[in-house]
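*Asks:* here you go, sequence then predicted model.
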Amino acid sequence: MAVAKKEQELIVTVSPHIRNDETVSRIMWTVSLSLLPAFVFGVYFFGPRAVYVTALCIVGAFFSEWLVQKMTGKEITLNDGSAFLTGLLLGMNLPSSAPFYIPLVSSFVAVAITKQLFGGLGYNIFNPALIGRAFALITWPRAMTTWFEPTAAFVGLDAKTTATPLAILKEGGMQKIIEIFGDKMSLYTDLLIGHRAGSLGETSVIALLIGGAFLIYKKYITWHIPISFLATVALMAWIFGGREGFFTGDPVLHLLSGGLILGAFFMATDYVTCPSTRTGQIIFGIGCGLLTILIRLKAGYPEGVMFAILLMNCFSPLIDRNMKSKVFGLAKEAQQ
Amino acid sequence: MSHQHQEKVSYWAIVKNGIIKENTIFRLVISLCPAIAVTNSVKNGFLLGAAVVFVQAMVNSTVALLRNFIHPRIRIPIFMLIISGWVTVVDMLMAAYARAAYKEIGLYIQIIVAFASILARAEVFASKNKVGASFFDGLGSGLGFLVALVTISFFRELLGKGTLIGFTIVPVKPMLIMILPAGGFLVTGLLMGFFNWIDMRFYGGKGAGGAGGH
Amino acid sequence: MQIGQEVKKGDLIGETTAFVSAPVHASVSGKVVALMDAPNAMGKMVPAVVIDNNGKEEWTQLRDNPDYMKLTPEELKGKIKDAGIVGMGGATFPTHVKLSPPKEKPIDVVIINGAECEPYLTADHRMMVESPSDIIEGLKILMKVLGVSKGYVGIENNKPDAIAKMKEASSGEANIEVAELEVKYPQGAEKMLIKAITDRNVPAGGLPMDVGVVVQNVGTALAVFEACRYGKPLIERVVTVTGLGVKTPGNLRARVGTPVKELIETCGGFNNSPAKVILGGPMMGFAQYTLDVPVAKGTSGILVMSEEEHSTSGKFGPCIKCGNCIDACPMGLMPSMLSLLSEKGFYEETKEYNLLDCFECGTCTYVCPSKRPIVQFVRLSKSLIKR
Amino acid sequence: MTFKDILKITMNLVVLYLAGGLLLAAVYAKTSPIIFKKNEQEKKEALQKMMPEADVIEKLGDWYPHEKHAEYFVAKKCGELKIKKVKNEETGKMKEEKECINPRTIGYIVQTFGKGYSSYINILFSVDNNFRVQKIDILHHAETPGLGDEIVLDYFKNRFKGKDIEHLKVVKTETTKYIQAITGATISSRAVAEDGIRNGLEFLEKALKGEVKHEPSASREG
């Protein structure tokens, strides 16, 4: 046994000498996978256009990532899955009626401007997919608020357009919604399954919850942001949501409609743009919830999840800075 | 960078310096508020730029004329007095003789008083140089501001309204965000990046850096 | 010491007058052939005495003392000091120093650390299974020295055999308790162990004695017993030789000073293609460039890792702020921020994130999905900040 | 600081403020009459545009929608319009002056404010004797470009023609009976039609019936 011979080949590095097998690309692809059920439901309700819009987003995201990395002479990192995930999330946040240029331009804004110009993966301040959507919403407000009726998806080009439940709520109040959906029970059922107008991936609450539960089970996200976000929305909707006075709002309606579930489980929990500490995440979630309800009830837009998350993204570094995790041994001293 | 220009420096060089090397918006990065606020159409950008050229040239000349008379302790208040005086003059003249233009940008004329660029030129150049040089420096930096505003508004109007100076180029409204404030930030930032890139690529990045201001 | 001098096992070959240090004894009998500098586990050159083993295994005069429990604490402490006993978990802090707390810090608990300090290592485990009563005796001596009435043995609950043995050995002792601990790295770190067993928080920057606790390794307890009972100095220890790169892994009782090469050969030599040889554990151990490094008093393991087993800290990605390292950090720090600040050169700012509380356990680096060398960044900051 | 410094600073300030004041005074003296005249003229033209057939437009009073100062006017047509030549006493030039004989009211012009999406929209509208809207004009607004700012476009303004108080109601579906909202800008549409014009019309009717107390305008300014 030539032990000595081996010596030259020994690798000398500093500790630790072992790593677990988690990688960034595995995280990205797993999150993408968890969006699959919601996407399938979106395709079921909104038809081939859903696939078309999402595919354009993903292509646009890949192209933008490639372009900027090529131009800046960086390593091309298309296979880490982050561009794919951004494209997919963006697609799921667009209405299925979006004309071809919306997915393309907004995915460029999302990946090239929001992410790559700020330094690439890990350095962006804002959630790229949401900035892409915000850009599209402000730039093409009409196209971005034209919703196809879910049942008309397979009929063809002359799909009927309709309003989202939150838009109806804002315009006509609770009676109007119940008038349209029948009764409260069928309203809730429709919302839960996703049989309503909206962005193509945000409608099916059930499918989104399956994906969210999968992510929590895989420990890729924790309960902190989604639960504090949803709880705040529910509480605030109950207190301030009603037109008859305090404590008359319908929290269930607010929870099930809009992009709330998609936002709370998949957008607000974006690693890069949310706080890293648990306390910070709870504050972040509560902030998102408050802003969402504020926008839904008081501002011009019927839905506020997107702007709420983007606004809270600004505060993430600040929250992290002030909510440093409790250093072992210091905690007790501070309490005394 | 020294502003103690000698006599031999030509007036043209001073003007060019103001337009390119020390461009208010793209190089010195000051007076960004108006660069974003009024640039949603080329017409507005040009009008405000023109007003600034006039105010800057007059302020610089006045400051240079009085530079040996002003006590250094109170120079900033005196500069402000001179600036606000000239701005008021422009405001009243426009209100009386250029009604159409005044209706468009009258609101912004009065805030020229608060432009950092004007006070900055008065302080760094006019208070140390002769009247002639100062006048041309004011002209140059005013023109630089004008050029920047027109450049920004060119892209914003074209992308946001599909028009240029009011004439329709593209028959649809392509990107609404461009004529909103957000578009102002985007275009200004991207242009700034573009000019920085040119500077680094072709001139080795020797241009002036700058600090923000409004 | 002089070249040519004959020594016997246990002879004092290195003496010290400094307070925080311990004497060194010959681990073989034979002739001193060289006084030179040799590499230690960290790769530093340190003074060494080279003894040519004459194979006679002659012991120096040992003072057997069956009535060791009747000695006064001061006498016991003297014996521990003379035996050159140090912390055998890896830190090699002289034991007698640990046993001399300042008056204003009364100690009321002694803990024997049976939680293996790193994955892969099983030396402590074997010792507890093989000589439980000696360890308990060692603990009793430690308790007597410190005048403490409560002793614990902390063992992770994935070692039921060791727990059973230790419980059996301590069954007669009312004031000794075997504590079963959750399995997690770094459970064997002093502060974590104290928290788990006594629920006391050692203040940041403080020592266990600040909360009235002294922690000793299993091996140390054994050595204490042997020193007090038989007068045996610390010249050997149990070393785990393991990893996919070694043929027959196992725990060896090895003399201090044995070259690593010989231990590996004893275990059947290398298996397929060893990539790295590490002294200590995989998380905090030191990769070696030569196999001539000797086993030291603190060498708890020799880890021979194969190509597929180890990781080189080569290419790494940007921090995606997933927070895995924050969850993992036993000290409750924010390793992500420490690494980011260090990466960008903000070394002073890392102090704001409690850089100095990091004991470099490496957990953050282990869990990082971007494979960032977080610990290395921490070490860089530590070396560059003004303290 | 020496006495000399103090003296110099005082001198600086006195001289420069005097000079500046004189310059401004001179420019003001020259421009202010022109500005005043042009403002008046523009206002008159704006009102005239609201009711081109009117010969005389007179101010009836002030009112304060959303705590903002607004005015309302009556538009009259003359039975006969006499044109006299009058000598201007100051300049000595001859000037034409109209005299209105047998005026009859043909409508009203009201300035009003509506709370829009991001601004208070300053609106001018005219109604005929039956309180049906004739014309509307948006004097000032800061609504969202591309959406709310379409309130200034003719297609929207034309939707108001002939509407009375009952039909000044915004609906989102296609309609000619009521006011059809601008797609995607319901709030701005509503601000103009309901908060602005309908409110103004209600006020006008009350004011003409004498139900409105005239508040001293001074306390409401600013």
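*Replies:* Yes, it's here.

*Asks:* separation between the residue positioned nearest the centre of chain A and residue A:212?
*Replies:* Nearest to the mean C-alpha position of chain A, by CA atoms, centre = their mean, lies residue A:267 at 2.3 Å. To residue A:212, residue A:267 is 11 Å away according to CB to CB, to the nearest Å. In short, each C-beta sits where N, CA and C put it, glycine included.

*Asks:* likewise for residue A:206?
*Replies:* In terms of CB to CB, residue A:206 sits 11 Å off from residue A:212.

*Asks:* which parts of the helix of greatest length in chain B are buried?
*Replies:* For chain B, the helix reaching the highest residue count under DSSP state H is reported as helix B:131-161. Neighbour-count burial for helix B:131-161, counted by 16 or more other CB atoms under 10 Å in any protein chain shown, picks out B:131, B:133-161.

*Asks:* also stretch A:208-227?
*Replies:* Buried, per 16+ other CB under 10 Å, within stretch A:208-227: A:208-212, A:214-216, A:220-221, A:224-226.

*Asks:* hmm, who's touching it?
*Replies:* With CB atoms under 8 Å, 6 or more residues apart in numbering or on different chains as the test, stretch A:208-227 has contacts from A:27, A:30-31, A:33-38, A:202, A:261-262, A:264-266, A:268-269, A:274, A:278, A:281-282, A:284-285, A:288.

*Asks:* re the thing from before, on contacts alone, who are the packing partners of the longest helix of chain B?
*Replies:* helix B:11-16, helix B:32-37, helix B:42-66, helix B:116-124, strand B:163-164, helix B:181-203 (3 or more CB pairs under 8 Å, 6 or more residues apart in numbering or on different chains; DSSP states H and E).

*Asks:* columns mean neighbour count on top of the ones you listed, output as CSV?
*Replies:* Shown next, in CSV, are the helices and strands packed on helix B:131-161 (neighbours: other CB atoms under 10 Å in any protein chain shown):
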stretch, mean neighbour count
helix B:11-16, 16
helix B:32-37, 22
helix B:42-66, 23
helix B:116-124, 22
strand B:163-164, 16
helix B:181-203, 15
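
*Asks:* any regions of chain A where pLDDT drops low?
*Replies:* Scanning chain A for pLDDT under 70 picks out A:1-8, A:151-159, A:325, A:329-336.

*Asks:* and the strands in it?
*Replies:* Remark: strands assigned in chain A by DSSP state E are A:147-148, A:161-162.

*Asks:* out of these, which gets nearest to chain C?
*Replies:* Nearest to chain C among the strands of chain A is strand A:147-148 (33.5 Å), distances taken as CB to the nearest CB.

*Asks:* wait, what's in contact with the nearest residue to residue C:298 once chain neighbours are set aside?
*Replies:* Spatial nearest neighbour of residue C:298, excluding adjacent residues (CB to CB, 6 or more residues apart in numbering or on different chains): residue C:92 at 3.7 Å. Contacts for residue C:92 (CB under 8 Å, 6+ apart) come out as C:86, C:296, C:297, C:298.

*Asks:* let's see 6 Å
*Replies:* Neighbouring residues of residue C:92 by CB atoms under 6 Å, 6 or more residues apart in numbering or on different chains: C:86, C:297, C:298.

*Asks:* which one of those is nearest to residue A:70?
*Replies:* Residue A:70 has its nearest neighbour among the contacts of residue C:92 in residue C:298, at 51.7 Å by CB to CB.

*Asks:* now the residue in the stretch 201-350 of chain C positioned nearest to chain D: phi and psi?
*Replies:* Nearest residue of the stretch 201-350 of chain C to chain D (CB to the nearest CB) works out as residue C:321 at 34.7 Å. Listed backbone geometry of residue C:321 is phi 60, psi 40, with angles given as degrees, to the nearest 10.

*Asks:* which of the strands of chain A sits most buried?
*Replies:* Across the strands of chain A, averaging neighbours per residue (mean count of other CB atoms under 10 Å in any protein chain shown) puts strand A:147-148 on top, at a mean of 23.

*Asks:* can that one be found next to chain D?
*Replies:* No: figure legend: strand A:147-148 not in contact with chain D (CB under 6 Å from any CB of the partner chain); closest approach 12.4 Å.

*Asks:* can you say which of the contacts of stretch A:208-227 are buried?
*Replies:* Buried, going by 16+ other CB under 10 Å: A:27, A:30-31, A:34-35, A:37-38, A:202, A:261-262, A:264-266, A:268-269, A:274, A:278, A:281-282, A:284-285, A:288, out of the contacts of stretch A:208-227.

*Asks:* keep only those of those that are also close to chain C.
*Replies:* Among these, the residues within reach of chain C (CB under 6 Å from any CB) are residue A:27.

*Asks:* who are the contact partners of residue C:163?
*Replies:* C:155, C:180.

*Asks:* which of the buried ones among the contacts of stretch A:208-227 fall in helices?
*Replies:* Going by DSSP H, the helices hold A:27, A:30-31, A:34, A:37-38, A:261-262, A:278, A:281-282, A:284-285, A:288 from the buried ones among the contacts of stretch A:208-227.

*Asks:* so can I have a markdown table of the residues you listed showing distance to residue B:51?
*Replies:* Shown next, in a markdown table, are those (distance: CB to CB, whole Å):
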| residue | distance to residue B:51 |
| --- | --- |
| A:27 | 55 |
| A:30 | 58 |
| A:31 | 53 |
| A:34 | 57 |
| A:37 | 59 |
| A:38 | 54 |
| A:261 | 52 |
| A:262 | 49 |
| A:278 | 55 |
| A:281 | 50 |
| A:282 | 52 |
| A:284 | 45 |
| A:285 | 49 |
| A:288 | 44 |
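
*Asks:* before we move on, the earlier item: which of the helices and strands packed on helix B:131-161 sits closest to chain A?
*Replies:* Of all those, it is helix B:181-203 that lies closest to chain A, at 6.5 Å by CB to the nearest CB.

*Asks:* can you give me the distance of the spatially most central residue of chain B to chain A?
*Replies:* Nearest to the mean C-alpha position of chain B, counting by CA atoms, centre = their mean, stands residue B:145 at 2.7 Å. Here residue B:145 is placed at a distance of 26 Å from chain A (CB to the nearest CB, to the nearest Å).

*Asks:* neighbours around the spatially closest residue to residue A:61 that is not a sequence neighbour, how many?
*Replies:* Once flanking residues are discounted, residue A:61 sits nearest to residue A:87: 3.2 Å by CB to CB, 6+ apart. Neighbour count for residue A:87, taken as other CB atoms under 10 Å in any protein chain shown: 30.

*Asks:* with residue D:92 instead?
*Replies:* Using other CB under 10 Å, residue D:92 has 7 other residues around it.

*Asks:* equivalent analysis for the one 4 residues further on, please.
*Replies:* Applying other CB under 10 Å, we find 8 other residues in the vicinity of residue D:96.

*Asks:* and the residue nearest to residue A:61, what is it in contact with?
*Replies:* Counting by CB under 6 Å, 6+ apart, residue A:87 makes contact with A:57, A:58, A:61, A:107.

*Asks:* hang on, the earlier thing: I'd like the strands of chain A laid out as TSV, including distance to residue B:194.
*Replies:* Output for the strands of chain A, formatted as TSV (distance: least, CB to CB, whole Å):
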stretch	distance to residue B:194
strand A:147-148	38
strand A:161-162	40
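
*Asks:* the ones you listed: which one's closest to residue B:16?
*Replies:* Nearest to residue B:16, of these and by CB to CB, is strand A:147-148 at 54.9 Å.

*Asks:* partners of that closest one in the sheet?
*Replies:* Its sheet considered, strand A:147-148 pairs with strand A:161-162 (antiparallel) by DSSP bridges.

*Asks:* show me which residues of chain D sit near chain B.
*Replies:* Going by CB under 6 Å from any CB, the residues of chain D near chain B are D:8, D:9, D:12, D:16, D:20, D:24, D:27, D:31, D:34, D:35, D:145, D:146.

*Asks:* what do you get if the cut-off is 8 Å, keeping everything else the same?
*Replies:* Counting by CB under 8 Å from any CB of the partner chain, the residues of chain D close to chain B are D:1, D:5, D:8-9, D:12-13, D:16-17, D:20, D:23-24, D:27-28, D:30-32, D:34-35, D:38, D:42, D:144-147.

*Asks:* no further questions, thank you.
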